[in-house]
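**Q** Sequence and predicted structure below; questions after.
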Amino acid sequence: MSILEVNHLSVSFKQYTAGLKQSHHKVISDLNVNLEAGEILAVVGASGSGKSLLAHAILGILPANASVSGVMTYEGEELTPARQKALRGKEIALVPQSVNYLDPLMKVGKQVRTSVQTGDAVQAQRRVFERFRLGREVERMYPFQLSGGMARRTLLSTAMVSGAKVIIADEPTPGLDPVVIKEALSHFREFANQGCAVMLITHDIESALQIADKIAVFYAGTTVEIAKAEDFAGQGEAIRHPYSKALWRALPQNDFVPITGSQPHPSALPPGCLFAPRCAMATPECLQAQPEMRPLRDGMVRCIHAT
């Protein structure tokens, strides 16, 4: 059962160029993704593909110059700005990419306690700190006194104690040692096993595959494939989209084959399929219109040639 649905999401930013001319850059276009209760969906793709913007759009924290279209629903009801505000940090929690989200003027123990919805906030904070190997002295520290890894574990702690039904984790593991990464991922898996939903935004496909149920591949601001995690194996024979295959083959353990070209800038998107200029399978038909997402082999793909 879908707990969070994003359909045909587009996000544009209004900017002013030389001479105060107004322009609009579409950074997300026709993006579709669903989160199901009890599931971990890993969102992967290169920098600039729209992964973090998707998280901010869901939570309603995009900057004022952003224009949003499409439909987002939570538990079957539309996510209006008022509803986003009511749910944010309560039923939908963010583990942000930047540690700057911590309040520099508040001790971190108190910050974590403010996210506890029920029960003893102090005990909840101390239990989660213990799980993340943060000593009792850490709760009395300010953010500037924390290492990068400690700050990330504090952000993880805030989400974990919130009692949220959905956790959106935006690159939650950089700067953490392998033991803590494994433990953090296991907590996300535990969270999903309790019937909640996790969106794990990451560059690290290998770590995501340890816990994810499905993988959503983003390219140039849109979804190009949604597949079961087990499809990402071997030489990528089960993967559907040419970009997803190329991304998989580019990993060191999978031949380390580079992808030719680069992802287009939002101000210079090509006509038709956004990956066509880099795709060996591209035909003139690919340049006519951006393909629709379509079902294929128990997944979804945005490619007319995928089989």
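**A** Cool, the structure landed.

**Q** Okay, buried residues for stretch 96-116 please.
**A** 96-97, 99, 101-102, 107-109, 111-113, 115-116 (16 or more other Cβ atoms under 10 Å). C-beta coordinates here come from the backbone N, C-alpha and C atoms, glycine included.

**Q** right, and out of those, which lies closest to His203?
**A** The shortest separation between His203 and any of the buried residues of stretch 96-116 is 10.7 Å, and it belongs to Gln97 (by Cβ to Cβ).

**Q** if I look at the closest one, how far off is Ile168?
**A** Relative to Ile168, Gln97 is positioned 11 Å away (criterion: Cβ to Cβ, to the nearest Å).

**Q** anything in contact with each of these two?
**A** With Cβ atoms under 8 Å, 6 or more residues apart in numbering applied, the overlap between the contact sets of Gln97 and Ile168 consists of Ile201.

**Q** and the buried residues of stretch 96-116, which of them are in helices?
**A** When the buried residues of stretch 96-116 are checked against helices using DSSP state H, the ones located there are 108-109, 111-113.

**Q** Which of these sits closest to Met1?
**A** Within these, the smallest distance to Met1 is 30.3 Å, found for Val112 (Cβ to Cβ).

**Q** that older thread, with distance to Ala220 and pLDDT as added columns, please give the ones in helices among the buried residues of stretch 96-116 in CSV.
**A** Written out in CSV, the entries for these read as follows (distance: Cβ to Cβ, whole Å; pLDDT from 0 to 100):
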residue, distance to Ala220, pLDDT
Val108, 37, 97
Gly109, 42, 97
Gln111, 36, 95
Val112, 37, 96
Arg113, 41, 96
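
**Q** Just send those back as JSON lines, with distance to Thr283 too.
**A** Rendered in JSON lines, the data for these read as follows (distance: Cβ to Cβ, whole Å):
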{"residue": "Val108", "distance to Thr283": "55"}
{"residue": "Gly109", "distance to Thr283": "59"}
{"residue": "Gln111", "distance to Thr283": "54"}
{"residue": "Val112", "distance to Thr283": "54"}
{"residue": "Arg113", "distance to Thr283": "58"}
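
**Q** Can you pick out the most distant pair from the residues you listed?
**A** Pairwise across these, and taking Cβ to Cβ, the largest span is found between Val108 and Arg113, at 9.7 Å.

**Q** So which residues make contact with the helix with the most length in the chain?
**A** Among the segments of the chain that qualify as a helix by DSSP H, the longest is helix 178-193. Surrounding helix 178-193, the residues in contact under the criterion Cβ under 8 Å, 6+ apart are 38-40, 131-133, 149, 153, 156, 160, 167, 169, 172-173, 176, 198, 200, 207, 210-211, 213.

**Q** Put the buried members of those residues into a PyMOL selection.
**A** Selection command for PyMOL covering only the buried members of the contacts of helix 178-193, criterion 16+ other Cβ under 10 Å:
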select buried, resi 39+40+131+132+149+153+156+160+167+169+172+173+176+198+200+207+210+211+213
